[in-house]
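>>> coordinates for the following, if possible.
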Amino acid sequence: MGDRAKQRLGEACGLTKLGVNLVTLGPGGQSALRHWHTLEDEFVYVLEGEVHLVTSSGGQLLKAGMCAGYPAGKRDAHHFVNRSTRPARYLEIGNRIDGDIAFYPDDDLMWIETEQGTVAAHKDGRPY
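From the prediction side, this is the model:
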C-alpha cells in the first residue's frame, strides 16, 4: 500500500459496530486494494490534501472538503491513491457486520467477517 498510516479512532473509543479511522496517505500511497463490500456501507471525508478515487467506473480527484460513499452491495470496487507530492488525510467510516464479504476484483482475494475475526480466502472460497 506504500506510505499509509491508519489510526483506529473507533476502536480507541470502544466502538465495536462502527469503524472510524484517520488515514494518512503519503505521496504514492494507496488506501487498499480495490474492493467492495456485500453488507458494509463505507464513507470517506477528505480533511487535507487530495486523493484520486479509482473505481470500476473510472476515477475522480477528491480534495479537502469532498466526500465519497459506497453503499453495501454496490459492485463498484474502489480505493484511493495519492498521486500528489504532499500527504493527504481523510476520515474513513463504515459499519462492521458479521458475514460481510469484501471482494477484490483485481486480485484472487476476498475477506469474510466472522464472529471469530476476519478470514482471508481465494475467490472460489478456499481459505489461504
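>>> any idea of the pLDDT on the residue of the chain positioned farthest from its centre?
Ranked by distance from the centre of the chain (C-alpha atoms, centre = their mean), the top residue is Arg126, with 23.1 Å. Reading off the confidence values, Arg126 has pLDDT 89.
>>> quick one: contacts for the nearest residue to Ser57 once chain neighbours are set aside?
The shortest distance from Ser57 to any non-neighbouring residue, by C-beta to C-beta, 6 or more residues apart in numbering, is to Asp76 (6.0 Å). C-betas here are computed from N, CA, C, even on glycine. Neighbour list for Asp76: Trp36, Thr55, Ser56, Ser57, Tyr70 [criterion: C-beta atoms under 8 Å, 6 or more residues apart in numbering].
>>> which ones are touching the third one?
When you say that, I think you mean Ser56. Arg34, Arg75, Asp76, Ala77, His78, Pro105.
>>> do that again at 7 Å, thanks
By C-beta atoms under 7 Å, 6 or more residues apart in numbering, the contact list for Ser56 reads Asp76, Ala77.
>>> over to the last one?
Contact analysis of Tyr70 by C-beta under 7 Å, 6+ apart lists Trp36, Asp41, Glu42, Asp76, His78.
>>> the nearest residue to the first one once chain neighbours are set aside and Cys13: what is the separation?
Think Trp36. Spatial nearest neighbour of Trp36, excluding adjacent residues (C-beta to C-beta, 6+ apart): Ala77 at 4.8 Å. Relative to Cys13, Ala77 is positioned 29 Å away (C-beta to C-beta, to the nearest Å).
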